[in-house]
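1. pasting the sequence and the predicted coordinates here, then a few questions.
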Amino acid sequence: MRIFSGIQPTGAIHIGNYAGAIQNWVRLQDEHECIFCICDYHALTTVNDGERLRRQVYEAALDLLACGLDPEKCRLFVQSQVPEHTELAWILSCCASIGELNRMTQFKEKSERSEFINAGLFTYPILMAADILLYKAELVPVGEDQLQHLEVARVFARHFNKVFGQTFPEPQSRLTAATRVMALNDPLKKMSKSIAGSTIMLTDSDDVIRRQIKRAVTDTGAQSGTMSPGVANLFNLLKIFSSPETVAHFEEQYNSGALRYGDLKKVLGDDMVAKLSVIRERRQELAQKPEMVEAILSSSAKQVRKMARQTLDEVRDKVGYSPIYSI
Ligand code: AMP
Ligand code: TRP
């Protein structure tokens, strides 16, 4: 089973991104053939500062490798290193209906927030479909917010297959386990960079991690008999960062009414520090070796580009283009 997924290089990442996306990728690389992409073509829809984009791509590579993506087990490459993505995107854009694109809720949300609505924002799902179909990937792990894009990727693939003959498998989504990490200071909202005080970043120091957990909201207002969102969020984090025995221990205490939040926070803080400090140190080591990071990305790009070329040669032939002249 070939798996493809992508992430936009949006800058520093927090434990919500880790739990909701990256941790899943790290697990999948042991079970399947995985191709992971840092989507800097997509990022151009919102980032218009070359230096910033370059830096964020590099930071994303550091984050992903530090979290455990292993270049021996998976391919990790930068989208713009494989320009075949854009050529396939053009061809697919002629198989995509405007009506379909008009339904995209992400486009509606993003275009409401911006004065200048670039066309790339509108055709974003076509490029995303090209990412996946270029490798004939069968499975795409994504968060819920990307399901609609995946659905139209299937529609575009089906349309191409119908018109030009069977070429692409219809990629299936694999919803990442529902690990929604909530804001530590406001557990009714999703943890997000845009909510001050809500996050723990992957690069935070041990002290900051412990302090943030200590400050996390637990019960607010009257007890309703069900677990409060803040406490549920702490249990969720415990499941991500602690052992099953530790989770079982605190669940038992909670059920018997003997749980002291201070105890839970102490253990959770320690377990998070244990895991995150390893990632942080690995990240620091990698940051000392930019040539090594470059080498990993370029070796992956070379490998996946061969697959991309193969698909594109087949597609070009089917739609009626001649092979490219060699120069
Ligand atoms: P974003 O930078 O918000 O586009 O998110 C990048 C990835 O992290 C996406 O796959 C999101 O679904 C995931 N993600 C972002 N915030 C959270 C969160 N608080 N909990 C779980 N997953 C998240
Ligand atoms: N649009 C995805 C996001 O914002 C990132 C992405 C780009 C992607 N291309 C992809 C995800 C292909 C899965 C498959 O999260």
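-> Received it, and whenever you're ready, just let me know what you need. Ligands and ions are numbered 1, 2, ... in the order given.

2. could I get the full set of helices for this protein?
-> Under the criterion DSSP state H, the chain contains helices at 15-17, 23-28, 40-43, 50-67, 84-93, 98-102, 105-112, 119-133, 147-164, 206-215, 229-241, 244-255, 261-287, 290-319.

3. out of those, which gets nearest to Met191?
-> Closest to Met191 of the helices of the chain, according to Cβ to Cβ: helix 15-17, at 3.9 Å. For glycine as for every other residue, the C-beta is placed from the backbone atoms N, C-alpha and C.

4. returning to that earlier point: possible to save the helices of the chain as JSON lines with mean neighbour count and distance to ligand 2?
-> As requested, the helices of the chain are exported to JSON lines (neighbours: other Cβ atoms under 10 Å; distance: least, Cβ to the nearest ligand atom, whole Å):
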{"stretch": "helix 15-17", "mean neighbour count": "23", "distance to ligand 2": "10"}
{"stretch": "helix 23-28", "mean neighbour count": "18", "distance to ligand 2": "11"}
{"stretch": "helix 40-43", "mean neighbour count": "21", "distance to ligand 2": "5"}
{"stretch": "helix 50-67", "mean neighbour count": "18", "distance to ligand 2": "11"}
{"stretch": "helix 84-93", "mean neighbour count": "19", "distance to ligand 2": "9"}
{"stretch": "helix 98-102", "mean neighbour count": "11", "distance to ligand 2": "14"}
{"stretch": "helix 105-112", "mean neighbour count": "13", "distance to ligand 2": "8"}
{"stretch": "helix 119-133", "mean neighbour count": "22", "distance to ligand 2": "4"}
{"stretch": "helix 147-164", "mean neighbour count": "18", "distance to ligand 2": "6"}
{"stretch": "helix 206-215", "mean neighbour count": "16", "distance to ligand 2": "25"}
{"stretch": "helix 229-241", "mean neighbour count": "20", "distance to ligand 2": "20"}
{"stretch": "helix 244-255", "mean neighbour count": "13", "distance to ligand 2": "29"}
{"stretch": "helix 261-287", "mean neighbour count": "16", "distance to ligand 2": "21"}
{"stretch": "helix 290-319", "mean neighbour count": "16", "distance to ligand 2": "13"}
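
5. just checking, Ala157 touches Gln166?
-> No. In this structure, Ala157 is not within contact of Gln166 by Cβ atoms under 8 Å, at 10.1 Å.

6. picking up where we left off before, let's have the helices of the chain in JSON lines, adding mean pLDDT and distance to ligand 1.
-> Listed next are the helices of the chain as JSON lines, based on pLDDT from 0 to 100; distance: least, Cβ to the nearest ligand atom, whole Å:
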{"stretch": "helix 15-17", "mean pLDDT": "92", "distance to ligand 1": "3"}
{"stretch": "helix 23-28", "mean pLDDT": "92", "distance to ligand 1": "9"}
{"stretch": "helix 40-43", "mean pLDDT": "98", "distance to ligand 1": "11"}
{"stretch": "helix 50-67", "mean pLDDT": "97", "distance to ligand 1": "10"}
{"stretch": "helix 84-93", "mean pLDDT": "98", "distance to ligand 1": "19"}
{"stretch": "helix 98-102", "mean pLDDT": "96", "distance to ligand 1": "20"}
{"stretch": "helix 105-112", "mean pLDDT": "93", "distance to ligand 1": "10"}
{"stretch": "helix 119-133", "mean pLDDT": "98", "distance to ligand 1": "13"}
{"stretch": "helix 147-164", "mean pLDDT": "97", "distance to ligand 1": "11"}
{"stretch": "helix 206-215", "mean pLDDT": "97", "distance to ligand 1": "14"}
{"stretch": "helix 229-241", "mean pLDDT": "95", "distance to ligand 1": "9"}
{"stretch": "helix 244-255", "mean pLDDT": "96", "distance to ligand 1": "18"}
{"stretch": "helix 261-287", "mean pLDDT": "97", "distance to ligand 1": "15"}
{"stretch": "helix 290-319", "mean pLDDT": "98", "distance to ligand 1": "19"}
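
7. need those helices in TSV (columns: distance to Pro187).
-> Below are these laid out as TSV (distance: least, Cβ to Cβ, whole Å):
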stretch	distance to Pro187
helix 15-17	12
helix 23-28	20
helix 40-43	30
helix 50-67	24
helix 84-93	39
helix 98-102	35
helix 105-112	23
helix 119-133	31
helix 147-164	25
helix 206-215	12
helix 229-241	4
helix 244-255	16
helix 261-287	13
helix 290-319	36
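
8. these: which one's closest to Met1?
-> Nearest of the helices of the chain to Met1, taken as Cβ to Cβ: helix 23-28 at 9.7 Å.

9. outline the domain layout of this protein.
-> Following automatic domain parsing, one gets these domains for the chain: 2-180+290-319, 206-285.
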